[in-house]
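Novice: Please find the sequence and the predicted model below.
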Amino acid sequence: MFQVVRVLIVKELLQTFRDRRMLFVIFVAPVVQIFIFGVAVTNEVRNVSLSVADLSHSSYSRRLVSSLTRGGYFRLEHENSGGDEVQKDLLLNRAVIGLVIPPDFASQIEGNRQATVQILVDGSDGNSANIATGYALRILSSLDFYVRPTFFSTSRIPAEGLVDFHPRVFYNPAVESRFYLMPGIITMVLTVLILLLTAMGITKEKESGSFEHLVVSPISGMQLMLGKTLPFALVGFFDACIVITLAVFGFGVPLTGSLPALILINVLYIFAMLGLGLLVSSISASQQQAMLSAFAIIFPAVILSDFFFPVSNMPVFIQWITYLNPMKYSLQAQRIIFLKGAGLGAVANQIAVLAGFAVAFYGLGTLQFRRSLH
């Protein structure tokens, strides 16, 4: 009995280590995932993009902006001439925090009056918005102490503080976590579902032997590929509709943007995942290989998608890698459409990139699938 078990164990190990694909999944993928978790994942928010409208153009206002950008928590991205331009930067994802300094800022300080500075916050990412707002208020509240010995005597500074800040959160005023998590869950469901269904559905037929029967049948390669992938696309779209419905009516997530834009984003992402599923199935000889290969793709994609952890916190070379992650663009577009009330124009960049991923992945998957038929 034990001799048979030993032989089976040796046989399985030999089969596994002879397969280069499984060697990658066993040795390379875990290292990559550990590297991503160790380097890219952090709860600290840094390099938050900042848009400023300095209407004062004074040494006081410049010192105020400098106090924000000096510590590395904020990165000045845009200097504007008005508050409307700052709000536009937030809408187009060019900034997370906006700062509007009024024209009379310097005169109010010099006259010992309380100056008002407006902070605009993109609340579509509730976690980052909360943390970044806290950083901003903490840094700016220290400004009184910093300028007091230089410009004012202690006795002349109002007890309530020289500068009064009024944060205003856009797109998610209550900073509800579920509002920015739900759009990400839609993308997550599509990623896991489509990738696993496509990869494991095809490899299952390979294992059972029925795939060979289809290959020798008079069905063309294109017909076979479409017949294998389109059902998964329909299932994915159906599941996306269910998740969207639950998010809006079950959890109260506002769908303020364009429904056609949301549908287009999901369709493009589904076809991108179908292509990845075809690629995985074409290099997998069993369902086990397909599942392991799929999860080797899914886990890094989730970490590098801006779903749980801000991409701006990650090292620069990791941020460059995220440009190759279609999940990142789908998640961005979903949040913009859900929370910012945007239409096709506001997500045109994400649509173009996802269309490119869909064509590239589905095209490569089709070629590899047809190659595997021979």
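Specialist: Thanks, I have the structure now. Numbers count the residues shown, from 1 in each chain.

Novice: Please make it C-alpha for all contacts and neighbour counts, starting now.
Specialist: Noted.

Novice: Might you list the low-confidence residue ranges for the stretch 151-300 of the chain?
Specialist: Judged by pLDDT under 70, the stretch 151-300 of the chain has its weakly predicted residues at 151-167, 174-175, 177, 208-224.

Novice: Let's see that with 80 instead.
Specialist: Low-confidence segments of the stretch 151-300 of the chain (pLDDT under 80): 151-169, 172-182, 200-202, 204-230, 251, 285.

Novice: all strands in the stretch 251-374 of the chain, in order from the N-terminus.
Specialist: Using DSSP state E, counting those that start in this stretch, no strands are assigned anywhere in the stretch 251-374 of the chain.

Novice: so where do the helices sit in it?
Specialist: Taking DSSP state H, counting those that start in this stretch as the criterion, the stretch 251-374 of the chain carries its helices at 259-282, 287-303, 316-322, 326-340, 348-372.

Novice: Which one of these lies nearest to Asp54?
Specialist: helix 326-340 (24.8 Å; Cα to Cα).

Novice: contacts for the closest one?
Specialist: 91, 124, 171-172, 179-180, 183-184, 187-188, 191, 253-258, 261-262, 265-266, 269, 272, 301-302, 304-307, 322, 342-343, 346-347, 350, 353-354, 357 (Cα atoms under 8 Å, 6 or more residues apart in numbering).

Novice: Quick one: buried ones out of the residues you listed?
Specialist: 91, 124, 171-172, 179-180, 183-184, 187-188, 191, 253-255, 257, 261-262, 265-266, 269, 272, 301-302, 304-307, 322, 342-343, 346-347, 350, 353-354, 357 (16 or more other Cα atoms under 10 Å).

Novice: report the longest helix in this structure, please.
Specialist: Ranked by number of residues, the top helix in the chain under DSSP state H is helix 177-208.

Novice: could you say what helices and strands that one packs with?
Specialist: helix 126-141, helix 210-215, helix 221-245, helix 259-282, helix 287-303, helix 326-340 (3 or more Cα pairs under 8 Å, 6 or more residues apart in numbering; DSSP states H and E).

Novice: The fifth one versus helix 326-340: what angle between them?
Specialist: Read that as helix 287-303. Put simply, helix 287-303 runs at 50 degrees to helix 326-340, going by axes from the mean of the first three to the mean of the last three Cα atoms, to 10 degrees.

Novice: is it true that Leu344 touches Leu259?
Specialist: No. When contacts are counted by Cα atoms under 8 Å, Leu344 is not listed as touching Leu259 (9.5 Å).
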